[in-house]
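In: after the sequence you'll find the predicted model.
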There are 2 protein chains.
Amino acid sequence: MAKIAIMGLGVVGGGTADLLTENRERLRKSCGEYLDLKYVLDVRDLPESPYRDLIVHDISAIVNDPEVSVVAETIGGLHPAYDYTVALLSAGKSVVTSNKQLVSEHGAELLALAKAHGCRYLFEASTGGGIPVIGPISRDLSGNEFSEISGILNGTTNYILTRMKGGGVGFETALSEAQKKGYAERDPSADVEGVDACRKIAILAATAFGKLIPPSRIHTEGITAIRQSDVAAAASVHAAVKLLGRAIRRGGECFVLVAPFFVPDDSPLSHVDGVYNAISVTGNYVGDVTFYGRGAGAKATASAVVSDLIAATAGGGVSPVWETADEGFPTEFGTFSCPRYLAFSGVDRNAVRVVFGEVEFIRGAEGEVACLTPNMTERECADAIARLTVGGGQLLSAIRVYESGDRPEA
Amino acid sequence: MAKIAIMGLGVVGGGTADLLTENRERLRKSCGEYLDLKYVLDVRDLPESPYRDLIVHDISAIVNDPEVSVVAETIGGLHPAYDYTVALLSAGKSVVTSNKQLVSEHGAELLALAKAHGCRYLFEASTGGGIPVIGPISRDLSGNEFSEISGILNGTTNYILTRMKGGGVGFETALSEAQKKGYAERDPSADVEGVDACRKIAILAATAFGKLIPPSRIHTEGITAIRQSDVAAAASVHAAVKLLGRAIRRGGECFVLVAPFFVPDDSPLSHVDGVYNAISVTGNYVGDVTFYGRGAGAKATASAVVSDLIAATAGGGVSPVWETADEGFPTEFGTFSCPRYLAFSGVDRNAVRVVFGEVEFIRGAEGEVACLTPNMTERECADAIARLTVGGGQLLSAIRVYESGDRPEA
């Protein structure tokens, strides 16, 4: 019988404890032995909790118990999660986590620490909720060289964008609907400003490319500037606006970014609606593979935590090694190139054509000029916009266009 | 350095050899050591092949070489693949395979043989081509009780159905287009009659439920009877006709079947077009997760073969145990219940309503009565159809309607 501890009995920790209880017999089949919850570390006493008898307040109870070899960290945030994780790994105990902030900022160090102490640091639950993605990329697709991972990594923003499209409402209305349904926090900034997606794409990029880029060095835009008319313009060209995290390797270049994109209807990412997440991976043998499901929630995330508990308990398996990316990685963002949707006021089509060349004009809001540009770099686009607005025009929206390599043919 | 052998240098075997060569350095990173191809077993000499110097014709060269511990079987069919696999597993060598016929008919026995000899029998490549699905279900989702696995498991039929919808052509025309493009064989019967999908759903059902049902006991229908007007009727109610393999557990009942279904547009399976495959899994914690990608082809399938080669080389991992399903599993198909699309000639709406009760009439072809029924069992439906046709009506089409449990809310 394997003895388990959970640190942090919040939403995910509680779901994990419930799964260990409800699916106990199933887990014995998967694992070959029972997974027994021995401790729950929490600052509270939680007298109403079914797990109240397992509560401890001091990490040393777990660190010093030789019976416990695997611990789930579902505290979130940097401290004390970092300190507890270091103490456990240093004691040779494996740690599995849903903590995207910790993995995205200290993953390289914690993986090295686990390796040095012959235990494991696993983080399937940190990205994509219950959707298996870290495991499939690092194991099932490990024969491939990866050229891209792009995904809808945040359910809150995807719910808002889905409502703006389907319900025809503006950002503020969609956000307050999301808050009412419990899909958005009272302070929604980490979601709507792209911070959450940024941490997840950092983890995915490291999983695919072996280098962890500090989130502070990842170009990150949120969705607060998206207007209902932008969403309508996207629909008029058979696309949907989606907040994507993207990690792209092209030749010697590598780009990692979070930003809203026009996603064409023939991409598997375009039909991912509501709070769902999806991640597309491109490998040089497998082509495009997409993973789709619930990216958050107590039960879905618990499914991922428990699969890592099983893996850590079973033993074996190769832990990845992540380098910390140096200054040359990713490539300087000014050279990133893609087509763009732009909307202006105070200029005419002719002025746009003079500056941007062969654009495709599309249906924009009343009194605006909207167009799709050919491929241009960040720097070229900023320069062109500056030239256009110096003559009195105003840029209302600029959204990149997503082009995936591999499409169904039919 | 690990020494590998490939049996059968056909499409998948050739792709596997190419991947081992092209991604050699990448594989060393994933594996910790080089994967070295030492033998290729084939009946031919293949003097033009880059692998001609590795060719052997006698399995004993591989069985008796202690350097080789892992072998890829990409021969296909039952014999000699079965005999070679038995010889290798009995000698303690792990075998990884793309052979869906062999796994679906002898998987239980071969897994037991591998376990008895301390080696592994792995078959990610047998289902879904390059899409990771066996691994994710048996590892990343292994904390869940599964209630359903449903998927588009055959690219040929999905291409044909996609063309019938998008191109407005009939089955015969779409089939001959598929043959011209190399997506269908000259004898397409294994694909269009559902035999290929049947083998794959047998493997998926065994992976999720632990019991292997002989393909001969799985209710299997193909797509040869689907008319263009059925596809159009589906589109008129915001659905697409898709050939699905389904394994469903409801309470104490279990149903496994292959048949065309009306798949509503809000299901992730409905937008899977062309030769792509997708598999949706429902677990009691994770909810619905869908895996999408190229379900066939040399390179994609090689990606799956090689991930198993890596896993078998790395060691560790728990092999599943499959029971052979007894007569009570799956549940008697006559009790399977779902809504249905039906099209008749020679009857009026009133006659249909008298027999079927509260149906929803929909747009059918000229001179036909088309409707969607409420939930009814196979037996109830057959009885009702018999009653209706005894009065001179003719049943033109009967297609089940797919209802998944978990939908994006927005």
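Out: It's in. Numbering: from 1, shown residues only, chains lettered A, B, ... in the order given.

In: tell me how far residue A:356 lies from residue A:395.
Out: Using CB to CB, to the nearest Å, we find residue A:356 at a distance of 12 Å from residue A:395. All C-beta atoms are positioned from the backbone trio N, CA, C, and that covers glycine.

In: ugh, wrong one, residue A:20
Out: Distance, residue A:20 to residue A:395, by CB to CB: 53 Å.

In: convert the C-alpha atoms of stretch A:393-405 to CSV, please.
Out: Provided in CSV are the C-alpha atoms of stretch A:393-405 (Å, rounded to 0.1, in the frame of the first residue of the first chain):
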residue,chain,number,x,y,z
GLY,A,393,-5.5,57.8,-38.8
GLN,A,394,-6.2,55.9,-35.6
LEU,A,395,-5.5,52.2,-35.1
LEU,A,396,-8.5,50.6,-33.4
SER,A,397,-7.5,47.0,-33.5
ALA,A,398,-4.6,44.8,-34.5
ILE,A,399,-5.0,41.0,-34.2
ARG,A,400,-2.6,38.4,-35.6
VAL,A,401,-3.8,35.7,-38.0
TYR,A,402,-3.1,32.0,-37.1
GLU,A,403,-2.0,29.7,-39.9
SER,A,404,-1.5,26.1,-39.0
GLY,A,405,0.5,23.9,-41.3
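
In: name the residues contacting each of residue A:356 and residue A:395.
Out: Shared contacts of residue A:356 and residue A:395 (CB atoms under 8 Å, 6 or more residues apart in numbering or on different chains): A:342, A:388.

In: more crowded one of these two?
Out: Neighbour comparison, residue A:356 and residue A:395: the larger count goes to residue A:356, with 21 against 15 (by other CB atoms under 10 Å in any protein chain shown).

In: that one and residue A:371 touch, don't they?
Out: Yes - shown here, residue A:356 and residue A:371 form a contact pair, counting by CB atoms under 8 Å, at 7.2 Å.

In: find residues that contact each of those two.
Out: residue A:342.

In: which bits of the stretch 1-150 of chain A sit near chain B?
Out: Proximity of the stretch 1-150 of chain A to chain B is confined to A:15, A:19, A:22-23, A:26-27, A:29-32, A:124, A:130-132, A:135-136, A:139-145 under the rule CB under 8 Å from any CB of the partner chain.

In: okay, and which of those map to helices?
Out: Taking DSSP state H as the definition of helices, the residues of the stretch 1-150 of chain A next to chain B contribute A:15, A:19, A:22, A:26, A:27, A:29, A:30, A:31, A:135.

In: buried subset of those, written for PyMOL?
Out: Those of these that count as buried under 16 or more other CB atoms under 10 Å in any protein chain shown are selected in PyMOL with:
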select buried, chain A and resi 15+19+22+26+27+30+31+135
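
In: what's the mean pLDDT across stretch A:86-105?
Out: For stretch A:86-105, mean pLDDT is 98.

In: for residue A:371, which three-state class applies?
Out: Classification of residue A:371 by DSSP: H, G, I helix; E, B strand; the rest coil places it in strand.

In: ok, the nearest residue in space to it that is not next to it in sequence - how many residues close by?
Out: What sits nearest to residue A:371 in space, not counting adjacent residues and going by CB to CB, 6 or more residues apart in numbering or on different chains, is residue A:359, at 4.1 Å. Residues near residue A:359, counting by other CB under 10 Å, number 19.

In: surely residue A:359 meets residue A:351?
Out: No - using CB under 8 Å, residue A:359 is not in contact with residue A:351; the gap is 11.3 Å.

In: what ranges does the stretch 151-300 of chain A have for its helices?
Out: For the stretch 151-300 of chain A, the helices defined by DSSP state H, counting those that start in this stretch occupy A:155-166, A:171-180, A:189-192, A:195-209, A:228-236, A:298-314.

In: burial count for the residue in chain A positioned nearest to chain B?
Out: Nearest to chain B, among the residues of chain A, is residue A:316, at 2.2 Å (CB to the nearest CB). Number of residues near residue A:316 (other CB under 10 Å) recorded here: 12.

In: I figured it hits residue B:120, correct?
Out: No - using CB under 8 Å, residue A:316 makes no contact with residue B:120, being 11.7 Å away.

In: mutual contacts of those two, please.
Out: Residues touching both residue A:316 and residue B:120 (CB under 8 Å, 6+ apart) are residue B:317.

In: tell me where the stretch 301-410 of chain A has strands.
Out: Here the stretch 301-410 of chain A has its strands, by DSSP state E, counting those that start in this stretch, at A:323-324, A:337-338, A:340-345, A:360-362, A:369-372, A:376-377, A:394-401.
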